[in-house]
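Enquirer: Okay, here's the prediction I keep looking at, along with the sequence it came from:
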Amino acid sequence: MTSDRRALLVWSVAVGAYVVAIMNRSSLGVATLEVTDLFGVSSALLATMAVAQLVVYALLQVPVGVLLDRYGPRVLVASGAAVMALGQTVLALAPSAGWVLGGRVLVGAGDALTFVSVVRLVPAWFAARRVPVMTQLTGSLGQLGQVLSAVPVVALLHAEGWRTTFLSVAAVGVVATIAVVAVVRDAPAEAGTAGSVGPAGGALADPDAPAGEAAEPDVAAGLAAGAAPVPAAAPWWRVGLLRRRWRPARARAHSEPGALRAVLRDPGARLAFWMHFSGQFSNHVVVLLWGFAFFVEGQGRTPGEASALLTLNVVAAVVAGPVIGVVVGRHPRARMPLALGTSAAIGLAWLSVTLPSAPVPYAVLCVFVVVVAVGGPTSLVAFDVARSCTPARRLGTATGFVNTGGFVGALATMLVVGVVLDAASGGGSAGGARDLEAFRAAFAWVAVPWALGVAAMLLGRRGARRAHPDLAV
């Protein structure tokens, strides 16, 4: 297998695990009506379930970044898929709302391990010039998990009920765990010539190494000095099409002391945090919790039409991602104007659905979901900014910190929306009517994090330019 094909295989399996993570993350958002009916929860408690998931996700991002620098992406992605499968099993068998909350906490913990780890694989397996595009493709293709939630999960939920649906989602997580363990490697060296050391200190030949692959520098130097090549004598085993040799355990990377402190002090990393915050939070509010209910209860659309809107949201993100990646790769200085322009468009999109006192045409809702969807891939530009101003030894920590941005904004907004919805629809009773006026009052609070994000980007840009004169923002 050539190096490019191997890189694409590893990346594809990792992205598949991320698709499963997105499906797990957004599965509660398409089941809000069922949760209310089955467990008799109020809007505030329903929001608390989603917020608890995101709180766990956000709180774990920095520790996950540190673990990522130490243990590598493969261990974290596989562990995340397994934990999410456990969480969905708890959800499926939950006898009460408290167990549902516990299951969502587990889903949030597993989800927290996934995306930053998959993004960390990209610079390890692909050339630097391809990293922006591959990062965007990672984020865009991952959103296919929302399609799985909006279409097959909803269909299964209506046909087979709560327990069968979430046990099925858990089973998909188990499959993802096995696939990651079998295929994903942290870097080409793990599957190539650098993986094993012979008795003379040279690398053992790898039977799966691509033809013509250059030898490690120290091995090449030894051969040039007349040393005999070390035979490939290490044992190996085969499972299906997978083949490995037994190798000494890979040495653990040492965490850099003070890595988190250095990241938090870096104006470039802080700017990246606010770029992620501004682009991502609106889409999470719509997709993860309140979008489906708003379209059905506030705008009077059918569940089928609401599912179609969420699917359109995914399609828009998938299409926009590679385009943004190409633009940013060719024109790095477009990163900041792109982030600010997208935030302005998102603000106008919210106004288009919250100002009218009557339900808006379906076309307006389509434009709304497309605009907030573009905020997702735009927020991924923040990782490119962080990579441009962060040493590789603490890139995992920086990636985890930046990835908290959108989720901090989303969890705060979702909780406030839930509380206001309860107050505007009958004091929080499960049977309270959530109408358009209630949603308009609740969504008015979106203006607060939106304004905060835009102001922080404008102010942070100056500090980042002073600290990193060569940073293209």
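Expert: It's in.

Enquirer: Which residue ranges of the stretch 101-250 of the chain form strands?
Expert: Applying DSSP state E, counting those that start in this stretch to the stretch 101-250 of the chain gives strands spanning 236-239, 242-245.

Enquirer: Look up phi and psi at L93.
Expert: phi -100, psi 10 (degrees, to the nearest 10).

Enquirer: which residues of this protein score low on pLDDT?
Expert: Scanning the chain for pLDDT under 70 picks out the ranges 1-2, 189-257, 427-433.

Enquirer: most centrally placed residue in it?
Expert: F115 (4.0 Å; C-alpha atoms, centre = their mean).

Enquirer: Which residue, other than its chain neighbours, is closest to that residue?
Expert: Once flanking residues are discounted, F115 sits nearest to Y18: 6.0 Å by C-beta to C-beta, 6 or more residues apart in numbering. Backbone N, C-alpha and C define where each C-beta goes, glycine included.

Enquirer: by contact count, what packs against the helix or strand that that neighbour is a member of?
Expert: For Y18, the element it lies in under DSSP states H and E is helix 3-26. Judged by 3 or more C-beta pairs under 8 Å, 6 or more residues apart in numbering; DSSP states H and E, helix 3-26 is in contact with helix 73-92, helix 97-112, helix 115-125, helix 131-142, helix 144-148, helix 162-183, helix 188-191.

Enquirer: Just the buried residues of the host helix or strand of N283, please?
Expert: Using DSSP H and E, N283 sits within helix 267-284. Across helix 267-284, burial judged by 16 or more other C-beta atoms under 10 Å covers 267-284.

Enquirer: and it, how far from the chain's centre?
Expert: Offset of helix 267-284 from its chain centre (C-alpha atoms, centre = their mean, to the nearest Å): 13 Å.

Enquirer: before we move on, the earlier item: could you point out the helix or strand that follows the helix holding Y18?
Expert: Counting by DSSP H and E, the next helix or strand C-terminal to helix 3-26 is helix 32-39.

Enquirer: can you state the direction angle for that following helix and helix 73-92?
Expert: Counting by axes from the mean of the first three to the mean of the last three C-alpha atoms, to 10 degrees, helix 32-39 lies at 50 degrees to helix 73-92.

Enquirer: what's the angle between helix 32-39 and helix 162-183?
Expert: With the same axes, to 10 degrees defining the directions, helix 32-39 sits at 120 degrees from helix 162-183.

Enquirer: Against which helices or strands is whichever helix or strand comes after helix 32-39 packed?
Expert: Going down the chain from helix 32-39, the next helix or strand is helix 43-71, by DSSP H and E. With contacts taken as 3+ C-beta pairs under 8 Å, 6+ apart, helix 43-71 sits against helix 32-39, helix 73-92, helix 97-112, helix 115-125, helix 259-265, helix 395-424.

Enquirer: If we use 6 Å, what do you get?
Expert: Other elements packing on helix 43-71 under the criterion 3 or more C-beta pairs under 6 Å, 6 or more residues apart in numbering; DSSP states H and E are helix 97-112, helix 395-424.

Enquirer: now these as CSV including distance to V328?
Expert: Shown next, in CSV, are the helices and strands packed on helix 43-71 (distance: least, C-beta to C-beta, whole Å):
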stretch, distance to V328
helix 97-112, 26
helix 395-424, 15
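
Enquirer: most tightly surrounded among these?
Expert: The highest mean neighbour count among the helices and strands packed on helix 43-71, using mean count of other C-beta atoms under 10 Å, belongs to helix 395-424: a mean of 25.

Enquirer: next one: it to chain centre, how far?
Expert: In terms of C-alpha atoms, centre = their mean, the centre of helix 395-424 is found 14 Å from the chain centre.

Enquirer: What of stretch 322-339?
Expert: Centroid separation for stretch 322-339 versus its chain: 20 Å, with C-alpha atoms, centre = their mean.

Enquirer: Quick check: buried residues in it?
Expert: So, applying 16+ other C-beta under 10 Å, buried residues of stretch 322-339: 322, 324-325, 327-329, 332, 334-336, 338-339.

Enquirer: Provide the contact partners of that stretch at residue level.
Expert: Applying C-beta atoms under 6 Å, 6 or more residues apart in numbering, the contact partners of stretch 322-339 are 132-133, 136-137, 275, 377-378, 381, 461, 472-473.

Enquirer: swap in stretch 3-15?
Expert: The contact list for stretch 3-15 (C-beta under 6 Å, 6+ apart) reads 77, 118, 121, 125, 138, 141, 179, 183-185, 210.

Enquirer: Using CSV, list the CA coordinates for that stretch.
Expert: Output of stretch 3-15 as CSV, limited to C-alpha atoms (Å, rounded to 0.1, in the frame of the first residue of the first chain):
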residue,chain,number,x,y,z
SER,A,3,2.0,6.1,1.6
ASP,A,4,-0.9,8.2,0.2
ARG,A,5,-3.3,5.3,0.2
ARG,A,6,-2.4,4.4,3.7
ALA,A,7,-2.8,8.0,4.9
LEU,A,8,-6.3,8.1,3.2
LEU,A,9,-7.3,4.8,4.8
VAL,A,10,-6.2,5.9,8.3
TRP,A,11,-7.9,9.3,7.9
SER,A,12,-11.1,7.7,6.4
VAL,A,13,-11.6,5.4,9.4
ALA,A,14,-10.9,8.2,11.8
VAL,A,15,-13.4,10.5,10.1
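
Enquirer: Distance from it to the middle of the chain?
Expert: Relative to its chain's centre, stretch 3-15 lies at 18 Å (C-alpha atoms, centre = their mean).

Enquirer: before we move on, what about stretch 163-173?
Expert: Mean-position distance between stretch 163-173 and its chain equals 20 Å (C-alpha atoms, centre = their mean).
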